[in-house]
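Asker: Here is the input, now give the coordinates:
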Amino acid sequence: MNLSAIDLNLLHVLAVVLEERSATRAARRLHVTQSAVSNALARLREVLKDPLVTRRGRGLVPTPRALELQPRLAAALKELERVVETAPAFDAARCDREFTLACADNQQLADLPRLCQALEREMPRARLRVVSIDVLLATNGLVTGEVDLAIAPSGAPPGMHAAPLYVESPVAVVHRDHPFRGAVLTPEAFARIPQVSFNVALGRPGIGSALTDRAFRAGGLDAVPTLYVPSFAAAAMVVASTERLACMPRRVATVLAAHLPLRLVRLPIEGLAMPMSLVWHARTEGDAASACFRDLLLRTLREPGEPAPASRRSRPSRGAPKGLPAPSPM
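Answerer: Numbering: from 1, shown residues only. Next up is the predicted model:
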C-alpha cells in the first residue's frame with residue numbers, strides 16, 4: 001500500500017481510540033467531535049479492509065487486526081513526535097559536525113591559520129574540510145550541499161546569502177634582490193619584466209585575474225606572462241627564485257613575504273580593490289550549527305569597518321548573475 005494514499009491523522013485517531021476504547025473519550029482527548037472520530041474510523045476501515053473496532057455496550061472492542069497494529073502504531077507515532085519535537089539548545093563546544101569551506105589558495109594561506117585557532121577555542125570538536133575552487137565549481141557545491149560556505153567576490157546568485165568579509169587589492173611581488181628597486185612598478189618595468197600568471201578556476205583565470213588584466217589593458221599596460229600556475233604559493237616560489245614578477249592579493253603577498261625573500265611593489269594603476277564575501281546557501285540559514293560556524297568565521301576574518309552580523313541580516317541577491325562566480329580574488 002502506498003503511504004501517500006493514507007492521511008496520517010487517521011492513524012493518530014485510531015491510536016487514541018485503541019487506547020481509550022471509546023469514541024467519546026477519544027473525541028474529547030483529540031478536541032474534535034464524536035462524529036469526526038467515527039468518520040475517521042470509517043475511512044480507515046476502507047483503507048485497511050478491516051472493521052478495526054466493534055461496539056460493545058458503551059465501549060469499543062478492537063479486532064485482532066487492530067490489536068496487532070496497536071503497538072506498532074504507538075511506536076511509529078512516538079518516533080514521529082521525536083522527529084518534529086524542538087531541537088535541544090545548540091552547544092558549540094560539543095558540536096562534532098564537519099564543515100566544508102571552499103576558497104582559493106590565497107585565502108587558505110592568509111585566513112586558515114586564524115580560522116583554525118578560533119575553531120580550537122570555540123568549536124574544538126568540529127572538523128573543517130577545505131576544498132579548492134575547482135571542487136566548488138565542478139560539484140556546484142553550494143547547491144548540492146558538497147560545500148557549506150565559500151569565500152567569493154561580493155554578490156550572490158538567487159537562493160544564496162552573502163556577508164562582507166574584507167577588500168582585496170593586488171600588488172606586484174618580486175624577489176627581494178630584483179634589479180627593479182623602485183617602490184612603485186613603472187609601466188616600462190611592467191611591460192619588460194616576465195610575469196607569472198594564474199589559472200585558478202578549472203584551468204582558467206579567476207574573476208580577480210580577469211578584472212585586473214582588463215584594467216591593465218585599459219590603462220595601456222601590457223603584461224608579459226611567461227608562466228601560468230594554479231596557485232599563489234607556486235607563483236611565490238617561482239618569483240622567489242627568478243627575476244619574474246607576479247600580481248597577487250596584498251593579504252597573501254604579505255604572508256608569503258614573511259617566509260620567502262619577496263618584496264611587495266605597488267602597481268602603476270589604482271582602483272583595483274575587490275570586495276570579498278562569505279557565501280552560503282539559503283537552506284542552511286536556519287541551521288544552528290551552520291549559523292555558529294558562519295558567525296565564528298565572520299568574526300575571525302572580517303576587517304574592521306565591515307558590518308557586524310547583527311546589523312547585516314543578509315538576503316538572497318535578486319540581481320546577481322546565475323551561478324556563483326569563481327571565488328578567487330586574483
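Asker: Every contact and neighbour count from this point should use C-alpha atoms.
Answerer: Will do.
Asker: in what helix or strand does the residue lying closest to residue 77 once chain neighbours are set aside lie?
Answerer: Nearest residue to residue 77 in three dimensions, chain neighbours excluded: residue 12, at 7.4 Å (Cα to Cα, 6 or more residues apart in numbering). Take DSSP states H and E as the rule and residue 12 turns out to sit in helix 8-20.
Asker: any idea how far that helix is from the chain center?
Answerer: Taking Cα atoms, centre = their mean, to the nearest Å, one finds the center of helix 8-20 at 42 Å from the center of the full chain.
Asker: Following element in sequence after that helix, please.
Answerer: Once the chain leaves helix 8-20, the next helix or strand it forms, by DSSP H and E, is helix 23-30.
Asker: would you list every one of the strands in the stretch 201-330 of the chain?
Answerer: 225-229, 245-249, 262-265, 274-281 (DSSP state E, counting those that start in this stretch).
Asker: Looking at those, which is nearest to residue 66?
Answerer: With Cα to Cα, the closest approach to residue 66 among these belongs to strand 274-281: 46.0 Å.
Asker: give me the low-pLDDT residue ranges for the stretch 1-150 of the chain?
Answerer: Applying pLDDT under 70 to the stretch 1-150 of the chain picks out residues 1-5, 86-87.
Asker: at 80 instead, please
Answerer: Within the stretch 1-150 of the chain, the segments meeting pLDDT under 80 span 1-6, 83-88.
Asker: okay, which residue of the chain is out on the far edge from center?
Answerer: Ranked by distance from the centre of the chain (Cα atoms, centre = their mean), the top residue is residue 57, with 62.1 Å.
Asker: Surely residue 95 and residue 128 touch.
Answerer: No - applying Cα atoms under 8 Å as the test, residue 95 and residue 128 come out as separate, 11.9 Å apart.
Asker: Please write out the alpha-carbon positions of the helix holding residue 12 in CSV.
Answerer: The C-alpha trace of helix 8-20 is given here as CSV (Å, rounded to 0.1, in the frame of the first residue of the first chain):
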residue,chain,number,x,y,z
LEU,A,8,-1.6,10.2,8.8
ASN,A,9,-4.1,12.0,11.0
LEU,A,10,-6.4,9.0,10.6
LEU,A,11,-3.7,6.7,12.2
HIS,A,12,-3.4,9.1,15.1
VAL,A,13,-7.2,8.9,15.6
LEU,A,14,-7.0,5.1,15.6
ALA,A,15,-4.2,5.0,18.1
VAL,A,16,-6.2,7.2,20.5
VAL,A,17,-9.4,5.1,20.0
LEU,A,18,-7.5,1.9,20.7
GLU,A,19,-6.1,3.4,23.9
GLU,A,20,-9.4,4.9,25.1
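Asker: can you list contacts of that helix?
Answerer: Helix 8-20 is touched from outside by 23, 26, 30, 37, 40-41, 43-44, 62, 66, 70, 73-74, 77, with contacts defined as Cα atoms under 8 Å, 6 or more residues apart in numbering.
Asker: So which of those residues are in helices?
Answerer: 23, 26, 30, 37, 40-41, 43-44, 66, 70, 73-74, 77 (DSSP state H).
Asker: from those residues, which is closest to residue 149?
Answerer: Residue 149 lies nearest to residue 77 out of the ones in helices among the contacts of helix 8-20, by Cα to Cα, at 36.2 Å.
Asker: quick one: which of the contacts of helix 8-20 has the most company?
Answerer: Among these, residue 23 has the most neighbours (other Cα atoms under 10 Å), with 25 neighbours.
Asker: helix, strand or coil for residue 130?
Answerer: strand (DSSP: H, G, I helix; E, B strand; the rest coil).
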